[in-house]
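> Show me the folded form of this:
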Amino acid sequence: MEPYAERVGATRFRTDNQVFLKNIRSKSELQSKIMLFNQVIGAELPPNWQAFFGEMLLKIDPFQSPEKGLQVFKIPPENKTLIQLLAQDPILKSTIQKAEGFHILVRKTNYPIFKNRLQEFGYLLT
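Residues are numbered from 1 along each chain as shown. You can find the predicted model right below:
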């Protein structure tokens, strides 16, 4: 039971995410380890174990890769005029998505509209 759990008594073992994921670097390695665990146990796993393994598999690479159709811009926090313009102009507001930390996201399909509208206010994106 050593690669799957740690001994807490003469006949008792304990496991958690950290213990079970030790030396695991990929989803396929985790799936293999779960399969080997099932073979060692030899019986059908109870629902709580199935839920434990299902949750662990969901936690491997939980984020989707960044969208290729987005551009990220950071607004200088001291540029209050630009911040106000982006927050109030209806055309600019419709072309951006706000993100944390003075970042905005612009879809590449909206970029020409975004760029031209900023140019109308004297901003030049090169």
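
> What's the separation between V40 and P3?
Using Cβ to Cβ, to the nearest Å, V40 is found at 9 Å from P3. The way it works is simple: take the backbone N, C-alpha and C, and place the C-beta from them, glycine included.

> And R107, by the same measure?
Distance, R107 to P3, by Cβ to Cβ: 46 Å.

> out of the two, which sits in the busier spot?
Set R107 next to P3 and count neighbours by other Cβ atoms under 10 Å: R107 wins out with 15 against 12.

> Count the residues that sit near the closest residue to that one other than its chain neighbours.
Spatial nearest neighbour of R107, excluding adjacent residues (Cβ to Cβ, 6 or more residues apart in numbering): G69 at 5.6 Å. If you count neighbours by other Cβ under 10 Å, G69 ends up with 12.

> cool, and the one 5 residues further on?
Here the number of neighbours of K74 (other Cβ under 10 Å) works out to 10.

> show me what contacts it?
101-103 (Cβ atoms under 8 Å, 6 or more residues apart in numbering).

> And R117, by the same measure?
89, 91-92, 95.

> Can you dump the C-alpha atoms of the host helix or strand of it in CSV for me?
According to DSSP states H and E, R117 maps onto helix 111-120. As requested, the backbone C-alpha atoms of helix 111-120 are provided in CSV (Å, rounded to 0.1, in the frame of the first residue of the first chain):
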residue,chain,number,x,y,z
TYR,A,111,-9.4,44.7,-32.9
PRO,A,112,-9.9,46.9,-36.0
ILE,A,113,-13.0,48.6,-34.5
PHE,A,114,-11.1,49.0,-31.2
LYS,A,115,-8.0,50.5,-32.9
ASN,A,116,-10.0,52.8,-35.1
ARG,A,117,-12.2,54.1,-32.3
LEU,A,118,-9.1,54.8,-30.1
GLN,A,119,-7.6,56.6,-33.1
GLU,A,120,-10.7,58.9,-33.2
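
> Please state the offset of it from the chain centre?
On the basis of Cα atoms, centre = their mean, to the nearest Å, helix 111-120 sits 30 Å off its chain's mean C-alpha point.

> Ok, stretch 51-68 next?
The chain centre lies 8 Å from the centre of stretch 51-68; the measure is Cα atoms, centre = their mean.
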